[in-house]
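Visitor: give me coordinates for this.
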Amino acid sequence: MIARRRVAFLHLCAILRIVDADQNNFDAVRALNLGVLKEILRDEAHIRRLRGLLKELNCQLKTERPTKTEALEHRTFI
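Guide: All right, here's what the predicted structure looks like:
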């Protein structure tokens, strides 16, 4: 996951170092909190999308009776 979000992770690390150096810099603390919150919300949206896709594929396997190759592809993806 870190490799996928490398730029954002490095940016947050830089802000963290700024906060560590000057703990009274509330603008940097706010920027760090907002950056972490943004990444959490992005990952939660990604998880919701994948759960929806998983549910859809399971439903297709149970109700639509795909061909064997399609079913194997679905199961491999799941």
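
Visitor: could I get the full set of helices for the chain?
Guide: Assigned by DSSP state H, the helices in the chain fall at 6-21, 26-63, 68-77.

Visitor: could I get these as CSV with mean pLDDT?
Guide: Compiled in CSV, these are given as follows (pLDDT from 0 to 100):
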stretch, mean pLDDT
helix 6-21, 93
helix 26-63, 93
helix 68-77, 85
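
Visitor: can you list those helices in CSV and add mean neighbour count?
Guide: Backbone N, C-alpha and C define where each C-beta goes, glycine included. Shown next, in CSV, are the helices of the chain (neighbours: other C-beta atoms under 10 Å):
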stretch, mean neighbour count
helix 6-21, 13
helix 26-63, 12
helix 68-77, 11
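
Visitor: with adjacent residues omitted, what lies nearest to His11?
Guide: Nearest residue to His11, sequence neighbours excluded (C-beta to C-beta, 6 or more residues apart in numbering): Gly35, at 6.8 Å.

Visitor: so what's that neighbour up against?
Guide: Going by C-beta atoms under 8 Å, 6 or more residues apart in numbering, Gly35 touches 8, 11-12, 15.

Visitor: got TSV for the residues you listed, with distance to Asn25 too?
Guide: Shown next, in TSV, are those (distance: C-beta to C-beta, whole Å):
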residue	distance to Asn25
Ala8	20
His11	16
Leu12	15
Ile15	10
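
Visitor: pick out the most distant pair among those residues.
Guide: Using C-beta to C-beta, the contacts of Gly35 span at most 10.7 Å, a distance reached by Ala8 and Ile15.

Visitor: any idea how far the most centrally placed residue in the chain lies from Gly35?
Guide: What sits nearest the mean C-alpha location of the chain, by C-alpha atoms, centre = their mean, is Asp43, with 2.4 Å. As judged by C-beta to C-beta, to the nearest Å, Asp43 and Gly35 stand 13 Å apart.
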